[in-house]
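Asker: Sharing a model that was predicted from the sequence below.
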Amino acid sequence: QLQLVESGGGLVQPGGSLRLSCAASAFTLDYYAIGWFRQAPGKEREGVSCISSSGLPNYADSVKGRFTISRDNAKNTVYLQMNSLKPEDTAVYYCAADLHSDFNYCSGQSASPYDYWGQGTQVTVSS
């Protein structure tokens, strides 16, 4: 059964850092675009970042310069390094896999191309 599992969330003070992981089982992430999305209470889900199967990243304006997406194909895992965290980054973070994307493309804003989703991990930024 294809499955994505996020981990690494938690409570952090403003200005702190977290690294989220998205691990896959029953399929190889290398071949697919992976996206990170988040949803805060009372708000719509929004795209945070994505990485194409070729390794090209894409970032929402709100996280540019603070977040870095990367993939470790040997570990079948995609990471989201989050630095300089702000209270407005508080949300449940989800990773998703797009099994039909082009080699150099990932959908950074639209969730509709993504076929598989993880269960989410909570990130809370608060003092």
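Answerer: Looks like it came in fine.
Asker: Tell me what the most centrally placed residue in the chain is bridged to.
Answerer: The residue lying closest to the centre of the chain (Cα atoms, centre = their mean) is residue 36, at 2.4 Å. As for beta bridges, residue 36 partners with residue 49, residue 95 under DSSP bridges.
Asker: Quickly note the distance from it to residue 127.
Answerer: Using Cβ to Cβ, to the nearest Å, residue 36 is found at 24 Å from residue 127. For the C-beta atoms, the positions are set from N, CA and C on the backbone; glycine is no exception.
Asker: Surely the residue nearest to the centre of the chain and residue 45 touch.
Answerer: No. Counting by Cβ atoms under 8 Å, residue 36 stays clear of residue 45, with 11.0 Å between them.
Asker: Quick check: residue 20 is in a strand.
Answerer: Yes. Looking at residue 20 with DSSP: H, G, I helix; E, B strand; the rest coil, it is inside a strand.
Asker: and it, what is it in contact with?
Answerer: For residue 20, the contacting residues are 6-9, 36, 79-80, 82, 93, 95, 121, 123, by Cβ atoms under 8 Å, 6 or more residues apart in numbering.
Asker: go on, residue 27?
Answerer: Applying Cβ under 8 Å, 6+ apart, the residues near residue 27 are 2, 97.
Asker: Report the separation between it and residue 97.
Answerer: Distance of residue 27 to residue 97, computed by Cβ to Cβ: 8 Å.
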